[in-house]
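Chemist: structure, please.
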Amino acid sequence: MKKADIEAAMRSHPQAAFWGFDPKKLKPSVRLRRGKVRDSFELGERLLIVTTDRISAFDRVLTTIPFKGEVLNRLSVHWFNATRDLFPNHLIEQASPRSMLVAKGEVIPIEVVVRGYLTGSAWRDYENGRAVSGVSLPAGMRVNERFPEPLLTPSTKEEQGRHDEPISREEILRRGIVRAERWAEIERAARALFRRGRELSAARGLILVDTKYEFALSEGQLMVVDEMHTPDSSRFWLADSYDELFRAGKDQRKIDKEYLRQWLMERGFSGEGEPPAIPDEVRAEVAWRYIQAYQLITGEEFVPQSLDSEAEERKIASLLG
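Modeler: Presented below is the predicted three-dimensional model:
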């Protein structure tokens, strides 16, 4: 898919972007939990998770991006299947272009962030002399420098509207969020999944820079949930230019959702006050960047399986019974 195809779809298919299932159409027995991007519906021992086209920045839901939900859903399915032999995950099957049926579990309220490079918020903490989630780093490191071993930096998983906060392993255990043996299992799983993600990304000419994992317990068994190695949860760089740009102290060539955040900040919005209206040309550019990410990560052309949000809603309705 090319950028011109996105612009054409936005003109000829105004429903190409899917805000989410209308809760007024739900039966009273169906429970909906609406997040910033994902909606989940309880179906007995299963959940139906719908990845909408909503996009958030600075913890605010701002607009929709055509095809975004389908890109994220299909990428997560791709990675869940590519790592299933390493560690269990909640995927049962892809149910529609933007949804998946998954096993229900009790989510552990910690986001497990694995960092391969000193960048982003970790660099900002380091530059200001602060530890990173309780980890003190050696002096003299440079921005975007690779760690000898990936750094595991957990954060709290807060409700919508509140900011996640860094938390150390010691604090997790002190609060009794999980037992020491369970946390050790989570650390081993996160490191193994990150190692696999790095290997498969390298084969596609990409660097998996950092990512976050979420875990849940189902009948006492730990499993990976939510999403995996998507542009929303991960940072990717192009591998062929890393060394040259690092030596020069320049920004890396990125594949993530930073474009929209930068566009907003240039207009004075970083989470407070009224956000600026986001024009269609910016929405198309963001959509193109998500689709580029899909094509680079999977090595496959992105061909939309659905242009019609009403068709998506009908499919979801049929699954909800």
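
Chemist: for the chain, give me the ranges with low pLDDT.
Modeler: Along the chain, segments meeting pLDDT under 70 span 158-164.

Chemist: mind listing residues that contact the helix or strand that contains Arg174?
Modeler: Using DSSP states H and E, Arg174 sits within helix 169-175. By CB atoms under 8 Å, 6 or more residues apart in numbering, the list of residues contacting helix 169-175 from outside reads 110, 134, 154, 178-180, 183. Heads up, the C-betas are built off the backbone N, CA and C, glycines and all.

Chemist: centre of the chain to that helix, how far?
Modeler: Computed by CA atoms, centre = their mean, to the nearest Å, the chain-centroid distance of helix 169-175 equals 25 Å.

Chemist: tell me which stretches of the stretch 51-200 of the chain form helices.
Modeler: Here the stretch 51-200 of the chain has its helices, by DSSP state H, counting those that start in this stretch, at 68-83, 120-127, 169-175, 180-203.

Chemist: next, the buried residues of the second one.
Modeler: What it means is helix 120-127. Buried residues in helix 120-127, counted by 16 or more other CB atoms under 10 Å: 120, 122-123, 125-126.

Chemist: go on, the shortest one?
Modeler: Within helix 169-175, the residues that qualify as buried are 169, 172, counting by 16+ other CB under 10 Å.

Chemist: check the last one too.
Modeler: Within helix 180-203, the residues that qualify as buried are 182-183, 186, 189-190, 193-194, 196-198, 200-201, counting by 16+ other CB under 10 Å.

Chemist: and the contacts of that helix?
Modeler: With CB under 8 Å, 6+ apart, helix 180-203 has contacts from 79, 82-83, 86-87, 108, 110, 112, 114, 116, 150, 152, 169, 172-173, 178, 207-208, 211, 213, 215, 222, 224, 228-229, 234, 236, 239, 297.

Chemist: same question for the first one.
Modeler: If you take CB under 8 Å, 6+ apart as the criterion, helix 68-83 is touched by 17-18, 37, 50-55, 89, 91, 94, 97-100, 193, 196-197, 200, 224, 227-232, 286-287, 290-291, 293-294, 297-298, 302, 304-306.
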